[in-house]
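**Student:** okay, predicted coordinates and the sequence, questions at the end:
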Amino acid sequence: MATRAASYFLSTIGRKQVVGVTGLGLSLFVLSHMLGNLLIFVGPESYNRYGHAMITNPFIEVAELGLLFFFVCHLGIALALSFENKKALPQSYATSATGEKSTSLIQKTMWHQGVIIGVFVVLHLVTFKYGAYYEYVSLETGEVIRDLHRLIIEVFHQPLYVLWYIAALVVLGGHLSHGVSSAVRTIGFNHPKYDGKVRGIGLLYAGAVTVGFIAQPVYAFFFYQS
């Protein structure tokens, strides 16, 4: 049993499926994070209490370790597969495929996007999770909690950071648009009858997540009045 499991995870199809499963798991986290960010439109009280509820959750450390494991597996195995594919095809074809067989720019640069997203995640954690700490007194409970709302507004009043943040999210959107549909096909939902629908779901999902995330810096920079 152990030998068969090892053979599976060392095989190309096995590793592709691991990339697909971890990618879908990360995609669900990204969606939940985006939805939580939308509380900025409700106000500081709701936003800060949401942030406080997240960090005081007794399972937060387990969840963070799980996300880190998924992220490292997803990025590491995807990079390894990409390098193996390039090594197997050392010379470029004389002509590029066209039509249905053509490869889009997003597909060609998936691992590049992964590296950019990795850098974005690190900077995001440094800026927000481990950034400046302000105190906020909850209007509903009287509890002193972190004023994450204030930090968000301060950071998103920096034009260069806003531009970087939006650019990185556009890259994330492109990655999700192909990654989600590809992951769904890799884990077994691969049939010509459903290809169009699967791609459509991937595009809609990526579009919704990207717009939802970008809404926060745009609102903070252009419309928020303290």
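**Tutor:** Ah, there it is.

**Student:** tell me where the model's unsure across this structure.
**Tutor:** For the chain, the stretches with pLDDT under 70 are 1-2, 4-6, 9, 89-103, 189-191, 226.

**Student:** helices of that one, start to end?
**Tutor:** 2-10, 12-37, 44-55, 60-88, 105-108, 110-124, 148-155, 159-186, 192-218 (DSSP state H).

**Student:** make JSON lines from those and add mean neighbour count and distance to residue 224 to it.
**Tutor:** Bear in mind the C-beta positions are built from the backbone N, C-alpha and C, glycine included. Compiled in JSON lines, those are given as follows (neighbours: other CB atoms under 10 Å; distance: least, CB to CB, whole Å):
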{"stretch": "helix 2-10", "mean neighbour count": "10", "distance to residue 224": "48"}
{"stretch": "helix 12-37", "mean neighbour count": "17", "distance to residue 224": "14"}
{"stretch": "helix 44-55", "mean neighbour count": "18", "distance to residue 224": "10"}
{"stretch": "helix 60-88", "mean neighbour count": "14", "distance to residue 224": "28"}
{"stretch": "helix 105-108", "mean neighbour count": "11", "distance to residue 224": "32"}
{"stretch": "helix 110-124", "mean neighbour count": "16", "distance to residue 224": "20"}
{"stretch": "helix 148-155", "mean neighbour count": "19", "distance to residue 224": "6"}
{"stretch": "helix 159-186", "mean neighbour count": "19", "distance to residue 224": "12"}
{"stretch": "helix 192-218", "mean neighbour count": "16", "distance to residue 224": "10"}
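
**Student:** of those helices, give the one that comes closest to residue 140.
**Tutor:** Residue 140 sits nearest to helix 44-55 of all those, at 6.7 Å, using CB to CB.

**Student:** residue nearest the centroid of this protein?
**Tutor:** Taking CA atoms, centre = their mean, the centroid of the chain lies closest to residue 30, which sits 5.0 Å from it.

**Student:** wait, what's in contact with the closest residue in space to that one that isn't next to it in sequence?
**Tutor:** In space, and not counting its chain neighbours, residue 30 is closest to residue 209: 5.9 Å by CB to CB, 6 or more residues apart in numbering. Residues near residue 209 by CB atoms under 8 Å, 6 or more residues apart in numbering: 30, 31, 34, 172, 173, 176.
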